[in-house]
Structure formats: structure tokens, C-alpha cells
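Engineer: based on what follows, work out the 3D shape:
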Amino acid sequence: MALIDLSNYNTTLVQSTDSRAGTPDGNIYFDKANDLIEFIYADELATVDLTSVGGGASDPNPLIRADGLKFEAIYAFENQERASDEVLRQYDRWTSGTFKFGGAYNFVNAKTPSTDADRAGIRGSGWNELDASAVATRIYFGNKGLSNIEAGSQPYYQLAIQGTATDFAKVGQIDEAVQVFGDVSNGSFDSRTYEAVSVRTYGNNYDRKATTTDLGITELGGYSTGFALNESVHLTTNTTTHPLADVYTTPTGVWATMELNNIAAPSAKSAEFSDETGSRLFSWELINSNSATLNQCVAWLDAFATQPDEADGLGVTTGSLGKDIETWYSYNAQGQIVTKSGVDPTTEGMYITNIPTADQQRVVFTDDGGTVKAYSFSVSVEADIGSTAKGDVNSWYHSFFAAAYNTAGAVTVENSSSVAVKGLSSSANGNNKIIFPFDYTGDTVGGTAETDKDCVFLCEGDGGATQAKTLYSITQQTTVAFTCAPAAENNV
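Structural biologist: Purely as a prediction, here's the structure:
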């Protein structure tokens, strides 16, 4: 079947002569004695008599609960029935319309749907339920999805900031109304100032939109508004290499001891970042004791964000549950992971412990003061000096910055620990390489920080090897490799 709207209501909706409690023969019943209207769905009534609208006496009921019916169809159907049903005219109307394209309709004259299950099938509109004096007793805000939500995904809503997450009645694209006001006889609550709508399906990118910040709505009323929620396949988190069961449900391997901890009295991180300004305080830490990769850490954060579990792994009850709060990272324009607190991103930061060196340039951390901190970029410089130089016990190597080389002001290159890059060739590793780390983002000798630096590498022997000189450049890449291999000495 399909959604019932203005295009098909007159061939799919039939007025029943009895309620669902009796022997219904149609799918809409005007309960005149109790001022109610019943929407009798196919799961309650499999067949209906559609002969009056061009069908058969025992046709399948076209009113499917999952598809539902638009309020515009309900309104038009009442108009149609009142035009031909003089008994129905003896009673006040059940519905009124105020603005079709805004999905704004009302149940009027103290007449309402029979049950919440009846209400749940109404699509394409919010509405007010008005008493005999036209005062609202209930208000429903109509939610619509405008971007991609996968058919099997479960969207949910919250009526307060970090409030309890409530699933929509059906999965997939959103087209469903939510009660945001009830008078003393209908729940006695008023949640018209805020609603957030989210979709979080593990393996996809998550999205959340809020009325106050993303839609600019200050008060939710009986109308319909769309949320441009969009989900897509996640770049790294997937159910093949990062199955939810292994990551979170029954964690194994690198995830076995991973947890989020709230650090009550954080201390400043020192000598880790290329920029030592800012607070460098982090109220939250993802404890990564098994040195999981960044992708594995992200998968854990994705998994946690779908769960009704406390954020703080230290056993403190904060009321900050994974599904209710914000996510713990975003992507920046460079494609890096940017950490943040999911509890209070405006005043709290989040740090991930023990990130492998190979992943450190793919992540930046937001500290408690809102300053984004990046690891220093360490370049691995690898000079292949060859077996001849390594075997010459008197052979040596020495590296200088090229700018002042061959002058009295020549400056020696230093590694990330401020140790001069010089020594005996015999100290090369088993592959005849001299390898040293260079702090690309922090070293200002030979030029400013975070700039490429031209250097000279010398390797000279004394008896077994001759001399070699190589010009190389330290650039922002993981490895800079070159050869500076003297030939065998045949001149002395």
C-alpha cells in the first residue's frame, strides 16, 4: 500500500458504521457519542468494503500503520463525508485546516483521536487539539526528515537538552508528530521551547539537529517542520573490521579496557603539543591502555554514542548517557579528528591516551579552554650510509643546516631531543642507516617552525671509506630518506 494523502484518500478511506470495539466495516469511524475519531488500521481490520469508492466488498484495508495518512487526507475526508452524510452534519466538526503547506491542522470542538496509537499514524503535519472554547489541550509538533536517513535506521528525539532519547515509532525517514504540550488533563507538561532530532546508526556518520540552534524556532507549535538529518557510510568505523560486539558489547582485544573517564582535577599536558599555549587541561580522557589505533578509538566513541550508558567509566552517576548527549569528535577541513566533550563541549575538553605515533597527525584535541592542540610533527630522517662506511671504524657522520654550511657559522642539525646529529658511522643500524627524529613543528633552528629545511649530510671515512655529501630537505612527511654512502678508500 502507500501513504494516504489528497491524491488517493477518496478511494482508500471509508467511513465505518461501527467502532473497532464492535464490527467495523470501514477504516475511519466518527464516534459521535464520545467525541472521538478512530483510524482503524490494517493490522486491526484486514479487509474493508470499498464498493462505495470503486473497490470491492472485501478489499485489503489500505490504511497501513507504517505508511499512515496525512492530516490533509483526514480533513478532506471529513469534508467529503459531511457533504453526503446528513447525520454527520448534526455534530460539530472534528477537524479544521489553517495552512496546508505548513502542515497546520487542528482537532476542534473537544473532539480528538481515540488513542495515541491512532495519533501515531498521522503524517505530514503537526496539530492542536482544541477544547470547546478553542483552547489547546494538546499540541503536536510535526517532524519531517529532509535529507538521507537509511531505511533501517532508528531516528530519535529529545524534548530537553541532553534529555531522555525517545525513538520515533517507525524506522527510516522521519514523518511523525511529537506531543510538546499537554494541559492538566493530558500530561501537564510544556516542552515547546526545544526539540533535538538525531540519527545514530553504528557504521554511519551521525547527525543531530535542534530546533533552537539549527532551525531557529523559539516555540514549537501545531505545524510541521523539516530536519535536514543526513547519514552516510563512515570513513573508518564499520561492522566488518570494527564489529559492535567486539568494540563495545563484549569488548575484546584493544577495546577490552577502553573507557571514558571524567578527570575531576585535570593537570596540564606538557611537552606533547606543537603549541604550548592554552590551558592544556582536559576534563575527559578516553583511556586507551592497549594503544589502539585512532580508527579503533573512533569506533569505540561511535559505539558509546549509541548506548544508554553513563559517560563516566569511573562509576560516577552524572546522568550523561551516551545516546542522550553529543558525540565526542568531529572532522575539520583537513580531515583530522577533532576531539570534544560530549557532555559540555563549551567548557570541557577530551584527550585520548596512548595514540600511536603513526596516527598522531590525524588528530587534534580541544582542551577545556576551547583551544585546539596538535601533536608536534616528528619526521623520521633516514640516511643510508652503506656498508663500507659502517665498517670503517674511523668513519663519522655529521649533518648541518644548508643555509650556513661552508661558513664559520655552520649550524649542526639536532634531533627531537636536542641531541646533535653526528657520531661514528659504526653506530648505524643493521641496514646501514642512521635514523633520527626531527621536530618539524617545533624546531626553529635553520628556519622558522613548520617550514621545510634544507640540510647537508656528511659521511667521511679514514682508511676504509672515502667521503660523501648529500643535500636533503626535511619536509612535513612521515619519513625523509636519502643515501649518503662513501665508496671504498683506494687513495691511501
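Engineer: can you give me the domain boundaries for the chain?
Structural biologist: 9-227, 244-374, 378-483 (automatic domain parsing).
Engineer: can you say which of these is nearest to Thr236?
Structural biologist: Minimum separation from Thr236 across the domains of the chain (Cβ to Cβ) falls at domain 244-374, 4.2 Å. All C-beta atoms are positioned from the backbone trio N, CA, C, and that covers glycine.
Engineer: returning to that earlier point: please produce JSON lines containing the domains of the chain, extended by distance to Leu235.
Structural biologist: Output for those, formatted as JSON lines (distance: least, Cβ to Cβ, whole Å):
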{"stretch": "domain 9-227", "distance to Leu235": "8"}
{"stretch": "domain 244-374", "distance to Leu235": "8"}
{"stretch": "domain 378-483", "distance to Leu235": "20"}
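Engineer: mean pLDDT for the ones you listed - can I get that in TSV?
Structural biologist: Formatted as TSV, the domains of the chain follow (pLDDT from 0 to 100):
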stretch	mean pLDDT
domain 9-227	94
domain 244-374	92
domain 378-483	92
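Engineer: can you list these in JSON lines and add distance to Val492 and mean neighbour count?
Structural biologist: Compiled in JSON lines, the domains of the chain are given as follows (distance: least, Cβ to Cβ, whole Å; neighbours: other Cβ atoms under 10 Å):
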{"stretch": "domain 9-227", "distance to Val492": "67", "mean neighbour count": "18"}
{"stretch": "domain 244-374", "distance to Val492": "44", "mean neighbour count": "17"}
{"stretch": "domain 378-483", "distance to Val492": "7", "mean neighbour count": "17"}
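Engineer: from Asn128, how far off is Gly182?
Structural biologist: Distance of Gly182 to Asn128, computed by Cβ to Cβ, to the nearest Å: 12 Å.
Engineer: what is in contact with those two at once?
Structural biologist: Here Gly182 and Asn128 have 138-139 as joint contacts, going by Cβ atoms under 8 Å, 6 or more residues apart in numbering.
Engineer: which residue ranges of the protein form helices?
Structural biologist: 9-12, 71-84, 86-89, 116-119, 244, 294-304, 386-391 (DSSP state H).
Engineer: can you pull the contacts of Glu72?
Structural biologist: With Cβ under 8 Å, 6+ apart, Glu72 has these contacts: 5-6, 97, 100, 105, 124-125.
Engineer: out of these, which sit inside strands?
Structural biologist: Counted as lying in strands by DSSP state E, out of the contacts of Glu72, are 97, 105.
Engineer: show me which of the contacts of Glu72 is closest to Thr357.
Structural biologist: The nearest one, if we look at the contacts of Glu72 relative to Thr357 and count by Cβ to Cβ, is Gly124, at 54.1 Å.
Engineer: so that closest one touches Lys70, yeah?
Structural biologist: Yes. Contact between Gly124 and Lys70 holds when scored by Cβ atoms under 8 Å: they sit 3.8 Å apart.
Engineer: find residues that contact each of the two.
Structural biologist: Taking Cβ under 8 Å, 6+ apart as the contact rule, Gly124 and Lys70 both touch Asp5.
Engineer: including distance to Val48, could the contacts of Glu72 go into TSV?
Structural biologist: Shown next, in TSV, are these (distance: Cβ to Cβ, whole Å):
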residue	distance to Val48
Asp5	18
Leu6	20
Gly97	25
Lys100	27
Tyr105	24
Gly124	22
Ser125	24
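Engineer: just give me the closest of the contacts of Glu72 to Val456.
Structural biologist: The closest of the contacts of Glu72 to Val456 turns out to be Gly124 (Cβ to Cβ; 73.1 Å).
Engineer: how about that closest one, what does it touch?
Structural biologist: 5, 70-72, 103, 142, 144, 175, 224.
Engineer: same thing with Leu130?
Structural biologist: Here Leu130 is in contact with 106-110, 136-137 (Cβ under 8 Å, 6+ apart).
Engineer: farthest-separated two in those?
Structural biologist: That would be Asn109 and Ala136, which, of those, are the farthest apart (Cβ to Cβ) at 13.0 Å.
Engineer: name the nearest residue to the spatially most central residue of the chain, ignoring sequence neighbours.
Structural biologist: Most central in the chain under Cα atoms, centre = their mean is Tyr206, positioned 3.0 Å from the mean C-alpha point. Among residues not flanking Tyr206 along the chain, Arg200 sits closest, at 4.4 Å (Cβ to Cβ, 6 or more residues apart in numbering).
Engineer: which ones are touching that neighbour?
Structural biologist: Arg200 sits in contact with 206, 305-306, 323, where contact means Cβ under 8 Å, 6+ apart.
Engineer: let's go with 7 Å and repeat that
Structural biologist: Residues near Arg200 by Cβ atoms under 7 Å, 6 or more residues apart in numbering: 206, 305-306.
Engineer: re earlier: please report the distance of the residue nearest to the centre of the chain from Trp328.
Structural biologist: 10 Å.
Engineer: what is in contact with the two at once?
Structural biologist: Ala305.
Engineer: where do the strands sit along the stretch 101-250 of the chain?
Structural biologist: 104-107, 112-113, 122-123, 126-130, 136-145, 155-158, 166-167, 175-182, 189-190, 196-199, 207-210, 224-227 (DSSP state E, counting those that start in this stretch).
Engineer: in a markdown table: those, plus distance to Cys455.
Structural biologist: What follows is the strands of the stretch 101-250 of the chain, written out as a markdown table (distance: least, Cβ to Cβ, whole Å):
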| stretch | distance to Cys455 |
| --- | --- |
| strand 104-107 | 71 |
| strand 112-113 | 78 |
| strand 122-123 | 68 |
| strand 126-130 | 68 |
| strand 136-145 | 56 |
| strand 155-158 | 56 |
| strand 166-167 | 60 |
| strand 175-182 | 63 |
| strand 189-190 | 69 |
| strand 196-199 | 51 |
| strand 207-210 | 47 |
| strand 224-227 | 55 |
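Engineer: tell me which of those lies nearest to Asn394.
Structural biologist: Of all those, strand 207-210 comes closest under Cβ to Cβ, at 65.8 Å.
Engineer: how about the strands in the stretch 351-492 of the chain?
Structural biologist: 363-366, 372-374, 378-384, 396-401, 422-424, 433-439, 453-460, 467-474, 479-483.
Engineer: how about Phe107, what does it touch?
Structural biologist: 94-95, 127, 129-130 are the contacts of Phe107 under Cβ under 7 Å, 6+ apart.
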